[in-house]
Structure formats: structure tokens, C-alpha cells
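*Asks:* generate coordinates for the sequence data below:
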Amino acid sequence: MKIGRAKLVNKPTITRGKKYNKYFVFISSYVVTDKAFPIKETDELLVRIVNGKLIIQKEE
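*Replies:* Down below sits the predicted model:
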């Protein structure tokens, strides 16, 4: 498995006159294009925090 960097980015949006924060995790294409990368663009994901670590996994 390749190792790369990721970045958390806030892209605020305005809906019906109210401002909302939208956060995105950008993962390096170097990592995503690895054959061992388990997530596809259309997969639904679950995100949780366990013992201070961010866990992102495919919803089954």
C-alpha cells in the first residue's frame, strides 16, 4: 500500500441565505490509484472516531 498525504478543507456554502460549513478530505491520487485502495468513487462511507483516530470505511 502506498503512503501519501491528505488534507481537510472547509468549503463554506450558502443555502437559503444561511451559511453552512462543508468539509472535504482530499486524498492524494498517488494513494487512491493504488490497486489495494479499497474504496471506489460510488461507495457509501462511514466515518467515525475511535481512540483519537479517524476511521473511514465502506458501508456494507
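*Asks:* so what's the backbone phi/psi at the most centrally placed residue in the chain?
*Replies:* Closest to where the C-alpha atoms of the chain average out (C-alpha atoms, centre = their mean) is Val25, at 3.9 Å. Here the main-chain torsion angles of Val25 (degrees, to the nearest 10) amount to phi -100, psi 120.
*Asks:* what of the one 4 residues further on?
*Replies:* The phi and psi values for Ser29, taken as degrees, to the nearest 10, are phi -60, psi -20.
*Asks:* relative to Gly4, how far out is it?
*Replies:* Ser29 sits 8 Å away from Gly4, taking C-beta to C-beta, to the nearest Å as the criterion. From N, CA and C alone the C-beta is placed, and that goes for glycine too.
*Asks:* part of a helix, is Val31?
*Replies:* Yes - when the secondary structure is assigned by DSSP: H, G, I helix; E, B strand; the rest coil, Val31 falls within a helix.
*Asks:* for stretch 39-56, C-alpha coordinates in CSV please.
*Replies:* Output of stretch 39-56 as CSV, limited to C-alpha atoms (Å, rounded to 0.1, in the frame of the first residue of the first chain):
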residue,chain,number,x,y,z
ILE,A,39,-12.8,2.5,-1.8
LYS,A,40,-14.5,3.4,-5.1
GLU,A,41,-16.0,6.8,-6.0
THR,A,42,-19.5,5.5,-5.8
ASP,A,43,-19.2,3.8,-2.4
GLU,A,44,-21.1,5.0,0.6
LEU,A,45,-18.8,5.6,3.5
LEU,A,46,-19.0,5.5,7.3
VAL,A,47,-16.8,7.9,9.3
ARG,A,48,-16.1,7.5,13.0
ILE,A,49,-13.6,8.5,15.6
VAL,A,50,-12.0,5.7,17.7
ASN,A,51,-9.4,6.4,20.3
GLY,A,52,-8.4,9.7,18.6
LYS,A,53,-8.1,8.1,15.2
LEU,A,54,-10.3,8.8,12.2
ILE,A,55,-11.8,5.6,10.7
ILE,A,56,-13.3,5.8,7.2
